[in-house]
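Q: sequence? don't have it. structure:
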């Protein structure tokens, strides 16, 4: 079992005719993902990787029965395409592009939550269910099927954790990138909840980083609701801090945002703190995770 | 992009927020001239892009031209938190009946703009937030509903203020919110917002940080972004399109992904000292990695280089070609260790090896850094 994606997930690729969109469509298909078509306004009627391209999301949904979408749309057009996608009835959206203005993300987040749409990103590698399929850009060779869930704020670090586990013969149930932007479309606790409810997941790894307060807020959820073992790694101990923080940010966030603050909150919630990614293998062994 | 105080004050003034009479000076003589126009006493404020200037000695009061000469010279030849002071703001010293705080930012967790006010403004506002949170009030703005002035009035009434102050303050919040919208700012702040003896309000300081991702669509004139980066290596990083942070160690780092870069720094930092943080983002090409090599090699005394990249969206084999071309053209002799995994990893390893780069094929970054440590001969 897995979260977010399963056998009935039918994916369209928005921006499929672009260089990255078409290359990543190839990799997704090769990994076994049920990609059913693509959307690029003005390019309707053409094909990419043997898949039909449509001018609108509504048409793509009507013609292919798609229920999920992954974005490789230029940042400036993401907001418009995102609202179109929700209005067309898609319920799962992955936003890979980076550099989307925060103002746009705020509108996207609000609309998605109001319409009951689960959206991830921006600046996310996406979702990967080992051996089954993926929506996004994760390099498949690093992942192996199993029963550990991974949620990461950093794309490349999610590959690192999955890779280390796979090397020590521990597989993953689902790997989810939540996105690296200051505002993301879904919070960490929402994704933890899905893993807690998933029968195919026996333990969860949270890969966080310095800044923001996702991990501190998730700690509350972990102590209240998580019965499965949780391990957490926070990157950025040696990162130069305070370069962009103003007073207003500091006041709103209180003392949160530091590596130590996040460690303290997560440890108090019962999560195991990993000092280095390589320690994840030992943690999995201790909890007999496969 | 964070604007200088003098730039932000101009924008606040254009948007109807009362600000002091002022001028910016790059020399003692210019400062003397501005102060002559305004009349003494004047405030002298170092224009550096860092918080906590006041506590670091970057804000002074001059009551006479002689005092100003001395202070202006001292400020213009000083560093504040490592940043050289190139300009000072000379401004009218207003009479202060009370100092308030007003800031607008984005609450990342709720995904909403938030307006924060306090009746205890000034240099110790973060301290107030910790010790007397009841003196601070905030409202979150629902993005689909928008902001309306009554929300500010409600907020300020909660602080128990008189109606005259509530009315004046609400006007300033309305105007500041407009600035935040127009400039797509992540932080828009006035601290202190000063209550004058006649009950009027004036913004004595201004912070404005514009969302970098929105710069291309903001319709109002803004200063050039690259120009204002003080560190020449960081400026070069911005020019070639990567995130480069200069550090004081001697192990160069190139990573794809900020999280991986930070984790690499943390692991390097356990036994050695990173020279820089360099994150390529998506869009690696041979030319980009060639330029990244050129950039990190500019640091004198570099002992080794660690390259940590994943082939997800990035064609890492292309990046490897750029690294190897740089090594060959510049006859690089220091050890270079690369960990490159993901799409087309075998091809990438071949290319790296052809240039004499040590390739580590295990996933754990720690293993690759162990190898690097061994190659540089420990500390």
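A: On my side now, so go ahead. Keep in mind the model is a prediction, meaning the values are calculated, not measured.
Q: Tally up the residues packed near the residue of the stretch 101-250 of chain A found nearest chain B, please.
A: Closest to chain B within the stretch 101-250 of chain A is residue A:154: 2.2 Å, counting by Cβ to the nearest Cβ. Using the backbone N, CA and C atoms, a C-beta is placed for each residue, glycine as well. Residue A:154: 29 surrounding residues under other Cβ atoms under 10 Å in any protein chain shown.
Q: do residue B:308 as well
A: 25.
Q: What of residue B:198?
A: Neighbour tally, residue B:198, other Cβ under 10 Å: 7.
Q: do residue A:92 as well
A: Neighbour tally, residue A:92, other Cβ under 10 Å: 18.
Q: So what does it have for phi and psi?
A: phi -140, psi 120 (degrees, to the nearest 10).
Q: thought it was touching residue A:69?
A: Yes: judged on Cβ atoms under 8 Å, residue A:92 makes contact with residue A:69 at a distance of 7.4 Å.
Q: if we can go back for a sec, can you name the residues that contact the residue of the stretch 101-250 of chain A closest to chain B?
A: A:177, A:180, A:207, A:209, A:235, B:257, B:258, B:259, B:260, B:262 (Cβ atoms under 8 Å, 6 or more residues apart in numbering or on different chains).
Q: which residue packs closest to it, ignoring adjacent ones?
A: Nearest residue to residue A:154, sequence neighbours excluded (Cβ to Cβ, 6 or more residues apart in numbering or on different chains): residue B:259, at 2.2 Å.
Q: before we move on, back to that, tell me how far the residue of the stretch 101-250 of chain A closest to chain B lies from residue A:176.
A: Using Cβ to Cβ, to the nearest Å, we find residue A:154 at a distance of 12 Å from residue A:176.
Q: Can you give me the pLDDT of the closest residue to chain A within chain B?
A: Nearest residue of chain B to chain A: residue B:259, at 2.2 Å (Cβ to the nearest Cβ). If you check residue B:259, the pLDDT there is 89.
Q: Count the residues that sit near it.
A: Neighbour tally, residue B:259, other Cβ under 10 Å: 27.
Q: For residue B:246, name its beta-bridge partners.
A: residue B:276 (DSSP bridges).
Q: quick one on the thing from earlier: include distance to residue A:29 and secondary structure when you put the contacts of residue A:154 into CSV, please.
A: CSV is the format used below for the contacts of residue A:154 (distance: Cβ to Cβ, whole Å; DSSP: H, G, I helix; E, B strand; the rest coil):
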residue, distance to residue A:29, secondary structure
A:177, 20, strand
A:180, 26, coil
A:207, 27, strand
A:209, 32, strand
A:235, 32, strand
B:257, 24, coil
B:258, 29, helix
B:259, 28, helix
B:260, 27, helix
B:262, 33, helix
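Q: of those, buried ones?
A: A:177, A:180, A:207, A:209, A:235, B:257, B:258, B:259, B:260, B:262 (16 or more other Cβ atoms under 10 Å in any protein chain shown).
Q: which ones are touching the second one?
A: In this structure, residue A:180 makes contact with A:98, A:123, A:124, A:153, A:154, A:155, A:209, B:258, B:259, judged by Cβ under 8 Å, 6+ apart.
Q: I'd like these as JSON lines, with distance to residue B:201 appended.
A: JSON lines is the format used below for the contacts of residue A:180 (distance: Cβ to Cβ, whole Å):
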{"residue": "A:98", "distance to residue B:201": "40"}
{"residue": "A:123", "distance to residue B:201": "39"}
{"residue": "A:124", "distance to residue B:201": "43"}
{"residue": "A:153", "distance to residue B:201": "40"}
{"residue": "A:154", "distance to residue B:201": "43"}
{"residue": "A:155", "distance to residue B:201": "46"}
{"residue": "A:209", "distance to residue B:201": "39"}
{"residue": "B:258", "distance to residue B:201": "40"}
{"residue": "B:259", "distance to residue B:201": "43"}
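Q: And the buried ones among the contacts of residue A:154, which is closest to residue B:89?
A: Of all those, residue B:89 sits closest to residue B:258, with 33.7 Å by Cβ to Cβ.
Q: Now residue B:120: which helix or strand?
A: Secondary structure assignment for residue B:120, by DSSP states H and E: no helix or strand.
Q: what about residue A:195, which helix or strand?
A: helix A:188-197.
Q: That helix and chain B in contact?
A: No: using Cβ under 8 Å from any Cβ of the partner chain, we find that helix A:188-197 stays clear of chain B, coming within 9.4 Å at best.
Q: Look up phi and psi at residue B:107.
A: Dihedral angles of residue B:107 (phi, psi; degrees, to the nearest 10) stand at phi -90, psi 100.
Q: ah, wrong one, I meant residue A:136
A: Per-residue torsions, residue A:136: phi 140, psi -150 (degrees, to the nearest 10).
Q: what ranges do the strands span in the stretch 1-150 of chain A?
A: Per DSSP state E, counting those that start in this stretch, the stretch 1-150 of chain A carries strands over the ranges A:11-14, A:35-39, A:47-48, A:51-54, A:68-71, A:92-95, A:118-120, A:126-129, A:133-136, A:145-152.
Q: Listing request: residues of chain A with sub-threshold pLDDT.
A: A:240-256 (pLDDT under 70).
Q: For residue A:215, see how far away the residue of chain B closest to chain A is.
A: Residue B:259 is 13 Å from residue A:215, by Cβ to Cβ.
Q: thinking again about what came up before, ok, residues contacting the helix holding residue A:195?
A: With Cβ under 8 Å, 6+ apart as the test, helix A:188-197 has contacts from A:3-4, A:149, A:151, A:153, A:173-174, A:176, A:178, A:201, A:204, A:206, A:208, A:214-215, A:217-218, A:220-222, A:225-228, A:230.
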